[in-house]
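Sequence and predicted structure are below.
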Amino acid sequence: MVAKTFGGAVHGVDARTIMIEVNVGQGTKFFMSGLPDNAVKESQHRVESALKHARFFMPRNKTVVNLAPADLRKEGAAYDLSIALCVMKASGQLTTDKLDQYVIMGELALDGTLRPIRGVLPIAIQARKEGFKGFILPTDNAGEAAIVNNLEVYPVANLREAVDFLEEKIQIPSVHIDAREAFAAQLDRYDTDFRDVQGQENIKRALEIAAAGGHNVIMIGPPGAGKTMLAKRLPTILPPLTLHEALETTKIHSVAGRLTRQASLLTTRPFRAPHHTISDIALVGGGGIPQPGEISLANNGVLFLDELPEFKRSVLEVMRQPMEERRVTISRAKVSMEYPANFMLIASMNPCPCGYFNHPEKECVCGPGVVQRYLSKISGPLLDRIDLHVEVVPVSFDEMTANRRSETSETIRERVVKARERQALRFTDHPSIYCNAMMPSNMVKRICAIDDAGKTLLKSAMERIGLSARAYDRILKVSRTIADLAASDTIKTEHLAEAIQYRSLDREGWTG
């Protein structure tokens, strides 16, 4: 007898429906086909033990399990529950005719209890799209699947409970979550705020400009100047996530297995800060079983690279294309996966190995040429993709102990949102562009036009300060953002002058 039900396989950040078929007939042994990996093959032992503890049996006849489509590789232990139920149906232990109406997934423990699985959200979205009656899955994953509307989600704790539900011996209420209500209730709950930062007004201004235009930033300053503290507060002034962005970000974290039972929907922009010993695969994604990397986990949020020159050069170089295209493609011999990588890069670094080059009080002890060699660890093409270079100086004692109240993140974010609204209106005819940092070069010339006085200023800056040619477009984009913050339709000379000062690393002789 042949029994079948359905599951799902994650491909990138989307899912494909998998049909699980089991035939129990004459003969002996257990066979599995459909390109299963080792974790799927080992399900035989988990299923047999779970059936025994639930007071069922594993048939000793020839049992063939097929996972279709057969040319798509199946990975992980998430098919245990569906295989177990199909084995029971094919061997006459289960009488229900509803198996093929559901998507059924879950990893079985040896005693029959169910463990949570990865990638539930994209599988649930695909199940709704294909019109399945419901989704039967582990209790711990129910909240994640329930944010998909128009899909009945039935949480089960163990194999026996799943059997009793399908046989209609018990009723399990479906889980429903109003995604918009849950999203609104938890939106923008951050533990940090810019009001905690004393002084550093110029750095706050630079980060406000970065947030308003989606620009990448690098902060250069001595140890203890507050670079990390400021970077951690950047997400608090970014525009709030839209529901679409929240679902896209949640899908990535679901596929990577980073969601907790309490966080079924991400409502704050992610902030990822990998250590400088990270490998290139861990940063951009991939591996034997392809998984999203840190740049994808930072999608719609911030990727913070502390001590940038300490990262391996190969790690930094693999970021160049994803930063430009805002997505990363992982290619293998038989499959190619694409993950979103629309992130803001915030980097920090010391100006030299000892950390005190250009320090107002402490003397740098680095020898001749050491500073230049230290900075040369960051390649020109990578630096070219960073719009704002900001020098951070230590906060004085008087500033730290002052009773002045700093602006809150909410106040700064209001200005950022207004600037983004101006950009959204400007790029109405270009749906793939929604902030100034995403403008291509041909659009920069048209949108970031400057008058004769501005051209004279920019020419003088490039000649006298020694700005490189690659800084030209970046300065124009940043000046357009500064104008948006000032609610100005044109780029004025003062906007251009402020943008020019944010190109510290382009200055000739900056390293002595």
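Okay, I see it.

switch to C-alpha atoms for all contacts and neighbour counts from now on
OK.

Considering helices and strands only, name the one in the protein with the lowest mean pLDDT.
Here the helix or strand of the chain ranked lowest by mean pLDDT, DSSP states H and E is helix 397-401, holding a mean of 69.

downstream neighbour of that one in the secondary structure list?
Going down the chain from helix 397-401, the next helix or strand is helix 409-426, by DSSP states H and E.

quick one: buried residues of that next one?
409-410, 412-413, 415-424 (16 or more other CA atoms under 10 Å).

Check stretch 274-286 too.
Result for stretch 274-286 [16+ other CA under 10 Å]: buried residues Pro274, Ser279, Asp280, Ile281, Ala282, Leu283, Val284, Gly285, Gly286.

quick one: contacts for the fifth one?
With CA atoms under 8 Å, 6 or more residues apart in numbering as the criterion, the residues that contact Ala282 are Gly293, Glu294.

What average pLDDT does stretch 286-306 get?
Taken as a whole, stretch 286-306 has a mean pLDDT of 90.

Quick one: end-to-end distance for it.
Terminal residues of stretch 286-306 lie 23 Å apart, using CA to CA, to the nearest Å.

what's the answer for stretch 386-406, then?
Stretch 386-406 has an end-to-end distance of 27 Å (criterion: CA to CA).

And for stretch 71-90?
24 Å.

Using CSV, list the CA coordinates for the top strand by length along the chain.
Looking across the chain with DSSP state E, the single longest strand is strand 14-25. Taking C-alpha atoms only, strand 14-25 is exported to CSV below (Å, rounded to 0.1, in the frame of the first residue of the first chain):
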residue,chain,number,x,y,z
ASP,A,14,12.2,30.3,-0.3
ALA,A,15,10.7,26.8,-0.1
ARG,A,16,9.7,24.0,-2.4
THR,A,17,7.0,21.5,-1.7
ILE,A,18,8.2,17.9,-1.2
MET,A,19,6.0,14.9,-1.6
ILE,A,20,6.8,12.1,0.9
GLU,A,21,5.7,8.6,-0.4
VAL,A,22,6.0,5.3,1.4
ASN,A,23,5.2,1.9,0.0
VAL,A,24,5.1,-1.2,2.2
GLY,A,25,5.1,-4.5,0.2
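
For Leu496, list the residues it contacts.
Neighbour list for Leu496: Gly454, Leu458, Ile475, Leu476, Ser479 [criterion: CA under 8 Å, 6+ apart].

most neighbours, which of the residues you listed?
Neighbour counts for those peak at Ser479, which has 28 neighbours (criterion: other CA atoms under 10 Å).

how much does whichever strand or helix holds it deviate in direction from helix 409-426?
Following DSSP H and E, one finds Ser479 within helix 471-485. Put simply, helix 471-485 runs at 110 degrees to helix 409-426, going by axes from the mean of the first three to the mean of the last three CA atoms, to 10 degrees.

The next helix or strand after helix 471-485: how far from the chain's middle?
Counting by DSSP H and E, the next helix or strand C-terminal to helix 471-485 is helix 493-500. Centre-to-centre, helix 493-500 and its host chain are 33 Å apart (CA atoms, centre = their mean, to the nearest Å).

Mind listing what's buried along helix 493-500?
For helix 493-500, by 16+ other CA under 10 Å, it's Thr493, His495, Leu496, Ala497, Ala499, Ile500.

Mind putting the residues you listed into TSV with distance to Ile220 and pLDDT?
Output for these, formatted as TSV (distance: CA to CA, whole Å; pLDDT from 0 to 100):
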residue	distance to Ile220	pLDDT
Thr493	26	92
His495	22	93
Leu496	22	92
Ala497	20	91
Ala499	17	92
Ile500	16	89
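
from the residues you listed, which is closest to Met19?
The closest of the buried residues of helix 493-500 to Met19 turns out to be Ala499 (CA to CA; 56.9 Å).

Identify the residues contacting that closest one.
Ile475, Leu476, Val478, Ser479, Ile482.

run the last query once more with 6 Å
If you count contacts by CA atoms under 6 Å, 6 or more residues apart in numbering, Ala499 has them with Ile475, Val478, Ser479.

so what's the first one closest to, chain neighbours aside?
The shortest distance from Ile475 to any non-neighbouring residue, by CA to CA, 6 or more residues apart in numbering, is to Ala499 (5.5 Å).

Just give me the neighbour total for the closest residue to Gly224 other than its chain neighbours.
Nearest non-adjacent residue to Gly224, counting by CA to CA, 6+ apart: Pro394, 7.1 Å away. Neighbour count for Pro394, taken as other CA under 10 Å: 17.
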